[in-house]
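Undergrad: Show me the folded form of this:
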Amino acid sequence: MRILGVAVASALSLFATQQARAASCDDVTIADMSSMSAEFLAAMDKFILNNGFDCNADLVAGDTVPGITAMIEKGQPDIIPEGAVDVVPTLYKEGVENDKIVAVSDPLSNAGHQGLWVPKYMVDDNPELATLAGVLKHPELFPNPDNPSRGGIYNGAPGWGATIVTAQLYKANHMADRDFDLIDPGSLAGLDSAISRAYERKEGIIAYYWSPTGLLGRYDMVKVDLGVPHDPVEWKRCTANADCPDPKPNAWAASDNVKTLVSKKFYEEGGEIVNYLKKRQLTADTINKILAWMNENQAKGEDAAQHFLEANQDIWTKWVSPDVAEKVRSAL
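TA: Next up, the predicted model:
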């Protein structure tokens, strides 16, 4: 009986140690990507994990392709709050099928749309500019600042999956033959600056961008109709594949596939944190208000997370237990 008692005591001690370790949740890495919505989500997750779940969570820089690749190959980061999996379908499928990553939620609900955008004032003057066919007739309306004799189409920033897609669509629609160049903005800041400058001056511009974003909340832009329906087979074969030599015309899906991803290991060990991530979802109206606030106040993700958690307790408290919610409130 004494041996049994010792065994039970040892088991209870081990269980208590495991529970304490789970409560602290050790070190957690969260991908901090360059889009405003991803920056906000990462900061909010960090605040809730650290203050509500007693984690030691840190942000790590990364974007869609390198972030998902690292999660598959190295098991890090633990969490990607906003992964645009539709722009890397092969990579995403590989990670899921090889049991390396798990998609736990659709964080932006119905909020996601991406494509090529032009200012509404241009469409008001010439309605055919709402279509790619109409745009390609008029390179003179979208001058490349480095070569005004040709038109320019601004791509996304280096490292984005969407940048690969835009480049493939540029080739598929033979835009070079229509006197258009594909412009590398160098960074998200460079892309934002180009759009803002053109809009404020009421100049012509066509650029890759996505919603929800504070920039599209500030500027009235029209998403260009690419003239073909979304073809998921062609998308997987070539549109999202930088090495594919013969892309065909295609279009982004009407509702983009943005997922919160976690590593398989974190999915198995994350417990209530994984349940929180499964419930954490924002509507288009909510996220657009957050991003507009960030723009108006020149705020970073950490500021936006504090603002949202203070002002929207009716939303986020439904994602966590009452005990966790109280800890988060106290930290605010």
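Undergrad: contacts and neighbour counts: CA atoms only from here.
TA: Will do.
Undergrad: In this protein, where is pLDDT below threshold?
TA: 1-24, 110-112, 254-256 (pLDDT under 70).
Undergrad: and with 50 instead?
TA: Across the chain, the ranges flagged by pLDDT under 50 are 1-24.
Undergrad: Measure how far stretch 97-107 is from the centre of its chain, please.
TA: Computed by CA atoms, centre = their mean, to the nearest Å, the chain-centroid distance of stretch 97-107 equals 15 Å.
Undergrad: in that stretch, what's buried?
TA: Of all the residues in stretch 97-107, those buried under the rule 16 or more other CA atoms under 10 Å are 100-107.
Undergrad: now, which of those sits nearest Q313?
TA: Nearest to Q313, judged by CA to CA, of the buried residues of stretch 97-107 is P107 at 17.2 Å.
Undergrad: Report the contact partners of the residue lying closest to the closest one once chain neighbours are set aside.
TA: Distances taken as CA to CA, 6 or more residues apart in numbering put Q281 closest to P107, at 4.3 Å, once the chain neighbours are dropped. Contact analysis of Q281 by CA atoms under 8 Å, 6 or more residues apart in numbering lists 105-109.
Undergrad: The spatially most central residue of the chain and A157, how far apart?
TA: In the chain, the centroid-proximal residue (CA atoms, centre = their mean) is E82; its distance is 4.1 Å. From E82 across to A157, the span is 17 Å (CA to CA, to the nearest Å).
Undergrad: got the residue ranges for the strands in the chain?
TA: For the chain, strands defined by DSSP state E occupy the ranges 27-32, 56-61, 79-84, 101-105, 113-119, 143-144, 147-154, 180-183, 206-211, 221-223, 258-263.
Undergrad: what about the helices in the stretch 201-332 of the chain?
TA: Counting by DSSP state H, counting those that start in this stretch, the stretch 201-332 of the chain has these helices, from start to end: 214-218, 232-234, 264-269, 272-279, 284-297, 301-311, 313-316, 322-331.
Undergrad: now these as TSV including mean neighbour count and distance to E200?
TA: Output for these, formatted as TSV (neighbours: other CA atoms under 10 Å; distance: least, CA to CA, whole Å):
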stretch	mean neighbour count	distance to E200
helix 214-218	18	11
helix 232-234	14	37
helix 264-269	16	46
helix 272-279	18	39
helix 284-297	18	16
helix 301-311	18	25
helix 313-316	14	35
helix 322-331	15	40
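Undergrad: wait, what's in contact with the residue nearest to the centre of the chain?
TA: Neighbour list for E82: 33, 37-38, 41, 107, 258-261 [criterion: CA under 8 Å, 6+ apart].
Undergrad: Could you export the strands of the chain as CSV, including distance to I195?
TA: As requested, the strands of the chain are arranged in CSV below (distance: least, CA to CA, whole Å):
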stretch, distance to I195
strand 27-32, 23
strand 56-61, 24
strand 79-84, 22
strand 101-105, 31
strand 113-119, 9
strand 143-144, 13
strand 147-154, 9
strand 180-183, 12
strand 206-211, 8
strand 221-223, 10
strand 258-263, 24
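Undergrad: Comparing those, which comes out most buried?
TA: strand 79-84 (a mean of 28; mean count of other CA atoms under 10 Å).
Undergrad: sorry, back to before: quick one: closest of the helices of the stretch 201-332 of the chain to V96.
TA: Shortest distance between V96 and the helices of the stretch 201-332 of the chain, using CA to CA, is found for helix 264-269: 9.0 Å.
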